[in-house]
Structures are given as structure tokens and as C-alpha cells.
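K.L.:
Structure here, sequence nowhere to be found:
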């Protein structure tokens, strides 16, 4: 059975995203995937995602953008 870890992120910092990815990589389970959904980070996160892109299923916002539930106004 495949295990999918989905991580919606926005500016977690270089340390935070690196720690997340390294923790995922260190897991012994073989059939796993890490899906990172970036909400438009501007803090160097994208550079880290590019560095580890071989370990990430969807590292870029233009592939699968994260849209917070509060971003839409459905009150009308």
C-alpha cells in the first residue's frame, strides 16, 4: 500500500522545509510519496524544493496550487 504525505506550505523557511524533506526521506517504508503544495513561498523554500525534487511528487505552485479555504468569499 502506498503512503502519501501531503504538505501544504507557505514560507516555512529553509530550515523547516529541509527538515520536513529529510525526515520523509529517512523513513524506511519503500512505497511512499511526498506531495508538497506551495502557496507562493518567497523565503527560499522553492530553491530547497528544487534541490530535492527527485523526492517530491509536486513541488511547484503552478502544478497544484494550494488555495486556503478562507481565500474564497462564498457569502454572495
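P.N.:
Perfect, I can see it now. These numbers were taken from a predicted model, which means no experiment stands behind them.

K.L.:
going forward, measure contacts and count neighbours with C-alpha atoms only.
P.N.:
Noted.

K.L.:
which ones are touching residue 56?
P.N.:
Shown in contact with residue 56 (CA atoms under 8 Å, 6 or more residues apart in numbering): 33, 34, 35, 36, 49.

K.L.:
Name the member of these with the most neighbours.
P.N.:
residue 36 (23 neighbours; other CA atoms under 10 Å).

K.L.:
low pLDDT regions in this protein?
P.N.:
58-76 (pLDDT under 70).

K.L.:
Tally up the residues packed near residue 54, please.
P.N.:
Count around residue 54 with other CA under 10 Å applied: 9.

K.L.:
next one: residue 21
P.N.:
18.

K.L.:
Now do the same contact list for it.
P.N.:
52, 55.

K.L.:
Likewise for the one 3 residues further on?
P.N.:
With contacts taken as CA under 8 Å, 6+ apart, residue 24 has the following neighbours: residue 34.
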